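*Asks:* Structure for this input, please:
(one chain, ligands or ions: 1)
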Amino acid sequence: MQSLRYSRLSSQEELMTMLVFRSSPSKLLIARNPRVCCSLVTSRAALFVTMLLALSALPAMAAPFRVTVADPRGVPVVDAVVTMRPVSASARAGTRPSPPANAQPVVIQQVDREFVPRVTVVSAGSRVSLPNNDAVPHSVYSFSPAKQFEFDAYVGSSPQVLTLDKPGIITLGCNIHDWMVGYIVVVDTPLAAQTDIHGAAPFASVADGDYELRVWHPQQRATDFVAQVTASDQSRTQAVVVEVSPPRVRYKPPLGVKKY
Ligand SMILES: [Cu+2]
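*Replies:* This is a model prediction of the structure:
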């Protein structure tokens with residue numbers, strides 16, 4: 001491999017090339033000629049800035065992120081819905097848009113005269129099927145702005161399928177069974193998760209950056225929990241404390257002679 005010589009250093013580009021590929025001859029030049037030394041330092045600074053700009057253009061690193069939700073006593077809060085929205089440039093660049101809504105509807109059953117599951121999270125545009133798997137009829141309704149409907153779910157009838165286009169909270173009720181209540185949380189962010197029995201909401205892939213984090217729960221005392229969080233190499237978990245009321249106890253009569 002041929003070494004670069006001083007006579008060929010007619011431009012900064014050549015000097016930078018030599019800096020990258022010919023580190024040993026560069027050191028010789030610096031020792032022999034102070035003018036070239038200053039030029040070389042400038043070129044090194046330029047190269048450094050160029051490398052920084054190149055790095056900043058790369059997608060942010062993404063890794064799992066975990067949010068835990070507990071009440072002020074440290075008791076895990078189950079069925080809280082956690083959403084994250086990117087606010088910094090790196091977070092936006094690393095957050096892929098929501099996948100297309102599933103072709104298959106999300107199923108919320110009426111079983112044992114309850115909505116199962118009680119809380120369901122879906123992406124806007126999803127379809128939801130509400131089959132009656134009980135031996136008694138139901139009359140399902142929602143007065144929520146995100147989706148208003150009312151239909152009878154007779155025994156053995158085809159399940160009602162709804163398309164949920166508008167983000168928001170949909171509260172399900174039944175005209176026949178007052179105690180039945182369910183919630184559908186329609187989200188417009190790909191970063192949404194529901195807490196498990198440990199109060200943990202796992203996110204499979206979150207890019208480094210800043211996010212607006214929101215927590216919603218049916219028994220939450222405040223209307224909403226909002227905070228700004230940062231995902232980075234050093235920060236892959238976030239603990240959240242929310243105050244929730246005890247679940248409202250509603251009388252559920254035994255399935256007796258009236259068969260309802
Ligand atoms: Cu019912």
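*Asks:* only C-alpha atoms for contact and neighbour calcs from this point on.
*Replies:* OK.
*Asks:* interface residues of the stretch 101-250 of the chain facing the ion?
*Replies:* Applying Cα under 5 Å from the ion, we find that the stretch 101-250 of the chain lies next to the ion at 138, 174, 176-177.
*Asks:* and residue 93, that's in a helix?
*Replies:* Yes: assigned with DSSP: H, G, I helix; E, B strand; the rest coil, residue 93 falls within a helix.
*Asks:* gap between it and the ion?
*Replies:* When Cα to the ion, to the nearest Å is the yardstick, residue 93 and the ion sit 45 Å from each other.
*Asks:* Distance check, the residue in the stretch 51-200 of the chain that the ion sits nearest to against residue 131.
*Replies:* Minimum separation of the stretch 51-200 of the chain from the ion (Cα to the ion) falls at residue 138, amounting to 3.7 Å. Applying Cα to Cα, to the nearest Å, one obtains 10 Å for the distance of residue 138 from residue 131.
*Asks:* Quick check: residue 244 touching residue 219?
*Replies:* Yes: using Cα atoms under 8 Å, residue 244 is in contact with residue 219, at 5.1 Å.
*Asks:* Can you report phi and psi for residue 89?
*Replies:* The phi/psi pair for residue 89 (degrees, to the nearest 10) reads phi -60, psi -40.
*Asks:* residue contacts, it?
*Replies:* Under the criterion of Cα atoms under 8 Å, 6 or more residues apart in numbering, the contact partners of residue 89 comprise residue 209.
*Asks:* Now do the same contact list for residue 92.
*Replies:* The contact partners of residue 92, by Cα under 8 Å, 6+ apart, come to residue 86.
*Asks:* which stretches of the stretch 51-200 of the chain aren't confidently modelled?
*Replies:* Applying pLDDT under 70 to the stretch 51-200 of the chain flags the ranges 51-60, 99-102.
*Asks:* What is the burial count for residue 256?
*Replies:* Other residues within reach of residue 256, judged by other Cα atoms under 10 Å, total 7.
*Asks:* picking that back up, what about the residues of the stretch 101-250 of the chain next to the ion, which are in strands?
*Replies:* Secondary-structure check on those using DSSP state E: residues within strands are 138, 174.
*Asks:* got the residues of the stretch 101-250 of the chain next to the ion as TSV, with distance to residue 163 and neighbour count columns?
*Replies:* Formatted as TSV, these follow (distance: Cα to Cα, whole Å; neighbours: other Cα atoms under 10 Å):
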residue	distance to residue 163	neighbour count
138	20	25
174	19	24
176	24	15
177	24	18
